[in-house]
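A.B. asks: got a sequence here, can you build the structure:
(chains A and B)
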Amino acid sequence: MSELLDLATSLLERKEGSEEIEVFVSQGVDLEIRSYQGEVESLSNAASAGIGIRILLDSPHGARIGSAWTGSLDPDAVSEALAQARSNAHFASADEFVTFARPDGVMPSAVAEHANNNDELTVDQKVALAIDLERAVRGADPRIRQVDSATYSDYSSAAAIASTFGIAAQYQRAGAYLSVEAIATDGSDDQTGWGLSVGRSPRELNSEEAARDAVRRATRMLGAVKPSSMKTVAVFDPRTAASLLSIIGSALSGEAVVRGRSFFAERIGEVVAHSSVSVVDDPTDARHYNATRFDGEGLACRRNELIVDGVLHGFVYDTVSARRAGTTSTGSAVRGGIAGSPSAGCRALQLVPGQMNHEEILAAVGEGVFIESLQGIHSGVNPISGDFSVGVTGLMIRNGQLAEPIREVTIASTLQRMLLDVMFIGNDVEWLPGSAAGQTLAMSGISLSGA
Amino acid sequence: MSSDLIERSVIEGTLAVAMARGGDFAEVFVEDRRTSSAMLDQGRVEELSSGRDRGAGIRVVVGDTTGFAHTADLSEAGLRVAAEAASAVARRGGGGVREIALGSLSSHRSVAQIRPDDVERATMVDTMLRADDSARSAGSSISQVNVGIGMSTRRFVVANSEGVYGADEQIRTRFNVQCVASGDTGMQTGYRPIAGTRGFEILSDDAVNDAARGAAQQAITKLQARPAPSGDLPVVLAGGSGGILFHEACGHGLEADAIVKQSSVYAGQVGHMVASPLVTLVDDGSVVGEWGHLGIDDEGHATQRNVLIENGVLTDYMWDYLRARGQGRASSGNGRRQTYQHLPMVRMTNTFLLEGPDTAEDIIAQTPYGVYVAQLGGGQVNTTTGDFVFGMTAAFLIEDGKITSPLRDCNLIGNGPQILKRVDAVANDFSMTPGTCGKDGQQVPVGTGQATMRLSSVTIGGTAA
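C.D. replies: Presented below is the predicted three-dimensional model:
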């Protein structure tokens, strides 16, 4: 891994004149194995490496940045990228807030580093996990008629960031997944269920658990009906609650705020949610699969409290959005790989858990809908206006118990309203891949559109 | 003739290595992609970025098993390592030495007139500034304007053990403008794209100004929007962006991978009436210049016009090499992959509904009460149940046959097989819209198209009773 930092640092020596350079280098290995009908359907083995270079030109009117990337560590390709970044810089507008991160003295969390243990199983053992997963789903229930895909995958990546401002950071990540989609039938109706097992290494994976999850979700949706439209209480399962929290997180980005694209703008100190709602973004919490030591600009990640007891407390910032807002980076730069420039975003969100478990919440709600999957999040949720409308599947809640399955309905509200309408937050936190953890979450005032 | 990306003899040698352990089929896909992009936000030109990615993906098929590996090292040695990794799935061994002899290269060149290399970066900057000006001049409530331009040149060579040997050059240009309008009711957004498998010539002054003003006007109009209805109503979809309906309602379900695995509601339905007789649906990757246009697909097969549904009757599915081979038929030119780092699979290209006899004006006038959708955002489908959603990003009520109040964004939800039967009017004002289709984590550019049309009833996912 230190070779990556060495490579990044060595490029800084190619600085010309008064320019500044920032280099991001990454390397990764991915393995994906799909099982179908007891055989390997596909086995993909992929190693990749690349580099992203940014050049900063300062002037009395402000600074300008140009960038370039290449999916290779070949010296000629790197030199070409450096030259491209340099010439691109001349075309940006001079901006007094634009700069690179500078070391801020915050030490990285030691616990957030994930070692790469993907070699603890051989490829043959990983193939067996995928095949076992498929077999477990097919054998679990006579109503399972097909397994669309049963997949084992693991990844490991390492990255380094260095700049002429003194940034020198490196980190690594690794993990493994099993995922499966089961198709159940009762003769007239087909339904699907998706199961997942996540681990920081292959040995942590549990194919029985992923299979059970997929089978339960697929079979209990059989015979789903389209209910009538109503105003109701929605109870989100941990997975869908995590999706919801991610969307709210996008409006808590300081970048969205300074660009005038967040409904939270200028509301610091105001009540924006029910008093039971506290949201933190904490990549130093090693339980989160997204935990990491450094952000996308090479600053140490840290715990940021965003909503405290329903009151908007703060936003996450990278260096530039923080300067525009008159504050300092919260170590929250995210970067979409070598081709992406840093921007501010949440990476390890968590809703502070409440006291009740899943069953207690259903009992307390009494009548409502239990949401197990969301459809059309990218088309139906607008984090700028807060308009929220998504397709869902799930089960009715009657007398505090899960009842008949429902399909082909949407639920709608606004994100602003939903935060205020939170009724119960579960204690059943599930750590999931992606930028948010989830737990059972109940909210009132939801419009369900059906027949 | 050889491609300048890679020597024919190197490809032949790599294919031989890939087949050495007894594979049934091997393929080498070599790609060189250059991109340049620029963004303007709040009147400031932000980072311009350039990128280059080059490498090869190698696939080996043995029975029903596919092995895949990729490399950024295009030397003979680098390709050999990848070929050996891909062929590791071939366990039966004993393939011995196989001679691979490729035919003549079938090479395609982009129709772009102004190629990315010929575009001055200052011209990109001017175009963005002009769009910013146009959008802001649309009204004082416009609080934010974001403009993006991206150009890409994707060249590839694909060759396989059956002698397929093709090369394509795909130049794409994309421009988009997003506006935020602010008022007493909060913020609303407007969005317009311009995109084509063409060069910078598609970004004429008029086209850019129209898009910018259109996006701004959309955001301003939505400030007056009221909550969308909740429940079932007739819906008129404006020509162009409504094509996403067919992409979601049946397009994905007509991809042969879902058919072969019996995970589509349309499996076993060829020859059956699956839609209203007004529906004739085509997927055609050969429509020059459209966003989903390909010279050849990513498996080296010619793209073609595939009629999927004719007058309501399901006529065929879309096929890639692997799925077609299993059924003893030819690929339909629908094998696509995001980059050399991905395995190809069955994907749509340009998917569109053919025109009908009506006019848009008549269809609206003959709708007493309903929703008029001027622009759709993305969508999502579960191919097994057929249930799908798509988002409306510009919509209005229709009252007494007239377009009236603007509505806030929401999703529509329906079931594919049911919705296809509810198409009760199709007009003659056909147009296409560019989009990005995601499947199994791979994103590819696609076109969708249709003329103004009506669905007799769709569930609107709003909040108003």
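A.B. asks: let me see the domain layout of the chain.
C.D. replies: Looking at chain A here, since you left the chain open. A:2-220, A:230-449 (automatic domain parsing).
A.B. asks: wait, chain B
C.D. replies: According to automatic domain parsing, the ranges for chain B are B:8-222, B:230-461.
A.B. asks: circling back to that earlier point, deepest in the core, which of the domains of chain A is it.
C.D. replies: domain A:230-449 (a mean of 21; mean count of other C-beta atoms under 10 Å in any protein chain shown). Every C-beta, even on glycine, is put in place using the N, C-alpha and C of the backbone.
A.B. asks: residues of stretch B:260-274 that come out buried?
C.D. replies: For stretch B:260-274, burial by neighbour count (16 or more other C-beta atoms under 10 Å in any protein chain shown) applies to B:260-261, B:263-267, B:269, B:274.
A.B. asks: distance from the helix or strand of chain A with the lowest mean pLDDT to the middle of the chain?
C.D. replies: For chain A, counting by mean pLDDT, DSSP states H and E, helix A:377-380 ranks last in confidence among helices and strands (a mean of 86). Distance of helix A:377-380 from the chain centroid (C-alpha atoms, centre = their mean, to the nearest Å) equals 16 Å.
A.B. asks: convert the C-alpha atoms of it to CSV, please.
C.D. replies: C-alpha atoms of helix A:377-380 as CSV (Å, rounded to 0.1, in the frame of the first residue of the first chain):
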residue,chain,number,x,y,z
ILE,A,377,-36.1,6.5,-5.5
HIS,A,378,-34.0,8.3,-8.2
SER,A,379,-37.1,9.4,-10.1
GLY,A,380,-39.5,10.1,-7.3
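A.B. asks: mind giving me the packing neighbours of it?
C.D. replies: Counting contacts by 3 or more C-beta pairs under 8 Å, 6 or more residues apart in numbering or on different chains; DSSP states H and E, helix A:377-380 packs against strand A:387-398, strand B:369-381, strand B:387-399, strand B:410-415.
A.B. asks: ok, now which ones touch A:Val123?
C.D. replies: Counting by C-beta atoms under 8 Å, 6 or more residues apart in numbering or on different chains, A:Val123 touches A:31, A:33, A:43, B:88.
A.B. asks: now, the residues you listed that are in strands?
C.D. replies: A:31, A:33, A:43 (DSSP state E).
A.B. asks: can you tell me what sits against the helix or strand bottoming out on mean pLDDT in chain B?
C.D. replies: Sorted by mean pLDDT, DSSP H and E, the helices and strands of chain B end with helix B:243-246, the least confident at a mean of 88. With contact meaning C-beta under 8 Å, 6+ apart, helix B:243-246 is reached by B:237, B:281, B:351-353, B:376, B:378-379, B:390, B:419, B:432-433, B:435, B:447-450, B:455.
A.B. asks: intersect those with the contacts of chain A.
C.D. replies: B:376, B:378-379, B:390 (C-beta under 8 Å from any C-beta of the partner chain).
A.B. asks: which one of the residues you listed is nearest to A:Gly336?
C.D. replies: B:Gly378 (18.7 Å; C-beta to C-beta).
A.B. asks: name the nearest residue to that closest one, sequence neighbours excluded.
C.D. replies: A:Ser379 (4.0 Å; C-beta to C-beta, 6 or more residues apart in numbering or on different chains).
A.B. asks: could you verify my assumption that the one you found touches B:Phe388?
C.D. replies: No. With contact defined as C-beta atoms under 8 Å, A:Ser379 and B:Phe388 do not form a contacting pair (10.5 Å).
A.B. asks: please enumerate the shared neighbours of these two.
C.D. replies: B:379-380.
A.B. asks: contact residues of the stretch 201-350 of chain A facing chain B?
C.D. replies: A:226, A:229, A:259-261, A:263, A:339, A:341.
A.B. asks: now these in TSV, with secondary structure and pLDDT?
C.D. replies: Listed next are those as TSV, based on DSSP: H, G, I helix; E, B strand; the rest coil; pLDDT from 0 to 100:
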residue	secondary structure	pLDDT
A:Lys226	coil	94
A:Ser229	coil	94
A:Arg259	coil	92
A:Gly260	coil	89
A:Arg261	coil	91
A:Phe263	coil	95
A:Ala339	coil	91
A:Ser341	coil	91
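A.B. asks: thinking again about what came up before, from A:Arg259, how far out is the residue nearest to B:Gly378?
C.D. replies: 22 Å (C-beta to C-beta, to the nearest Å).
A.B. asks: what do you get for B:Gln341?
C.D. replies: From B:Gln341 to A:Arg259 the distance is 32 Å (C-beta to C-beta).
A.B. asks: also A:Gly175?
C.D. replies: 32 Å.
A.B. asks: over to A:Ser157?
C.D. replies: Taking C-beta to C-beta, one finds A:Ser157 at 29 Å from A:Arg259.
A.B. asks: could you do B:Gly378 as well?
C.D. replies: 22 Å.
A.B. asks: so what's the residue count around B:Val423?
C.D. replies: Neighbours of B:Val423 under the rule other C-beta atoms under 10 Å in any protein chain shown: 24.
A.B. asks: so, low pLDDT: which residues of the chain?
C.D. replies: I'll assume chain A. Along chain A, segments meeting pLDDT under 70 span A:1, A:112.
A.B. asks: my question was about chain B
C.D. replies: B:1-2, B:91-98, B:465.
A.B. asks: hey, where'd the helices end up in it?
C.D. replies: B:8-19, B:76-86, B:121-136, B:205-222, B:243-246, B:256-260, B:321-326, B:360-365, B:416-420 (DSSP state H).
A.B. asks: will you turn these into TSV that also has distance to A:Phe424?
C.D. replies: Below are the helices of chain B laid out as TSV (distance: least, C-beta to C-beta, whole Å):
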stretch	distance to A:Phe424
helix B:8-19	57
helix B:76-86	51
helix B:121-136	44
helix B:205-222	34
helix B:243-246	37
helix B:256-260	39
helix B:321-326	47
helix B:360-365	46
helix B:416-420	36
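A.B. asks: mean neighbour count, those helices: which tops it?
C.D. replies: Across the helices of chain B, the average number of neighbours (mean count of other C-beta under 10 Å) peaks for helix B:243-246, which reaches a mean of 28.
A.B. asks: send me that one as CSV with only the CA atoms.
C.D. replies: Provided in CSV are the C-alpha atoms of helix B:243-246 (Å, rounded to 0.1, in the frame of the first residue of the first chain):
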residue,chain,number,x,y,z
GLY,B,243,-40.8,6.4,-24.2
ILE,B,244,-39.3,5.6,-20.7
LEU,B,245,-42.7,4.0,-20.0
PHE,B,246,-42.1,1.3,-22.6
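A.B. asks: now it: how far from the chain's centre is it?
C.D. replies: Helix B:243-246 sits 11 Å away from the centroid of its parent chain (C-alpha atoms, centre = their mean).
A.B. asks: then stretch B:62-78?
C.D. replies: 26 Å.
A.B. asks: please save the CA atoms from that stretch in PDB.
C.D. replies: Provided in PDB are the C-alpha atoms of stretch B:62-78 (Å, rounded to 0.1, in the frame of the first residue of the first chain):
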ATOM      1  CA  VAL B  62     -17.200 -23.300 -21.400                       C
ATOM      2  CA  GLY B  63     -20.600 -25.000 -21.400                       C
ATOM      3  CA  ASP B  64     -22.900 -22.700 -19.400                       C
ATOM      4  CA  THR B  65     -20.000 -21.100 -17.500                       C
ATOM      5  CA  THR B  66     -18.400 -17.800 -18.400                       C
ATOM      6  CA  GLY B  67     -14.900 -16.700 -17.200                       C
ATOM      7  CA  PHE B  68     -14.000 -13.100 -17.400                       C
ATOM      8  CA  ALA B  69     -10.900 -11.000 -16.700                       C
ATOM      9  CA  HIS B  70      -9.700  -7.600 -17.700                       C
ATOM     10  CA  THR B  71      -6.500  -5.700 -17.800                       C
ATOM     11  CA  ALA B  72      -5.200  -2.200 -18.500                       C
ATOM     12  CA  ASP B  73      -2.000  -3.700 -19.900                       C
ATOM     13  CA  LEU B  74      -2.400  -4.100 -23.600                       C
ATOM     14  CA  SER B  75       1.000  -5.700 -24.200                       C
ATOM     15  CA  GLU B  76       1.000  -9.300 -25.500                       C
ATOM     16  CA  ALA B  77       2.200 -10.400 -22.100                       C
ATOM     17  CA  GLY B  78      -0.500  -8.500 -20.200                       C
END
